[in-house]
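1. Attaching a predicted model along with its sequence, questions to come.
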Amino acid sequence: MAQVVMYATKQCPYCVRAERLLQRKGVTFEKILLDNQPELMQEVIQKTGRYTVPQIFVGTTHVGGYDDLAALDSMGDLDPLLAA
């Protein structure tokens with residue numbers, strides 16, 4: 001299974017939704033909290049061009065945020081990505 005990394009904050013409802021979706025899929029993932037690490041947010045912005053959380057990576061693929069993750073799942077494209 002591919003390594004999954006999610007950049008998140010504690011108070012973000014979309015982060016909670018993404019976490020729940022990944023948990024329902026049985027995915028083990030690394031959650032990096034940005035609340036007390038603003039320098040990491042700058043890294044996320046440089047990597048993704050986005051200023052919002054969550055930002056989710058599956059392997060080297062930048063999936064995007066919760067809406068992107070949920071869209072991949074509903075199209076049936078998330079499971080193959082996770083299995084790669």
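-> Cool, got the structure. Just so you know, these numbers come straight off a predicted model, no measurement behind them. Numbers count the residues shown, from 1 in each chain.
2. Could you use CA atoms for every contact and neighbour count after this?
-> Noted.
3. Help me confirm that His62 is found in a helix?
-> No: His62: not assigned to a helix; according to DSSP: H, G, I helix; E, B strand; the rest coil it is strand.
4. Excluding chain neighbours, give the residue nearest to it in space.
-> Of all residues not flanking His62 in the chain, Ile56 sits nearest, at 6.2 Å (C-alpha to C-alpha, 6 or more residues apart in numbering).
5. Surely the one you found is within a strand?
-> Yes: assessed with three-state DSSP, Ile56 lies in a strand.
6. Which residues does it form beta bridges with?
-> Counting by DSSP bridges, Ile56 forms beta bridges with Met6, Gly64.
7. Which pLDDT value does the model give it?
-> In this model, Ile56 is scored at 98, pLDDT.
8. Secondary structure class of Glu30, three-state.
-> Assignment for Glu30 (three-state DSSP): strand.
9. Could you pull up the contacting residues of Val53?
-> Val53 makes contact with Tyr7, Ala8, Thr9, Cys12, Tyr14, Cys15, Gly65 under the criterion C-alpha atoms under 8 Å, 6 or more residues apart in numbering.
10. Now the buried members of these.
-> Tyr7, Ala8, Thr9, Tyr14, Cys15, Gly65 (16 or more other C-alpha atoms under 10 Å).
11. tell me which of the contacts of Val53 is nearest to Gln42?
-> Tyr7 (11.6 Å; C-alpha to C-alpha).
12. who touches the spatially most central residue of the chain in this structure?
-> Taking C-alpha atoms, centre = their mean as the criterion, Ile56 is the residue nearest the geometric centre of the chain, at 2.1 Å. Ile56 makes contact with Val4, Val5, Met6, Tyr7, His62, Val63, Gly64, Gly65, Tyr66, Leu69 under the criterion C-alpha under 8 Å, 6+ apart.
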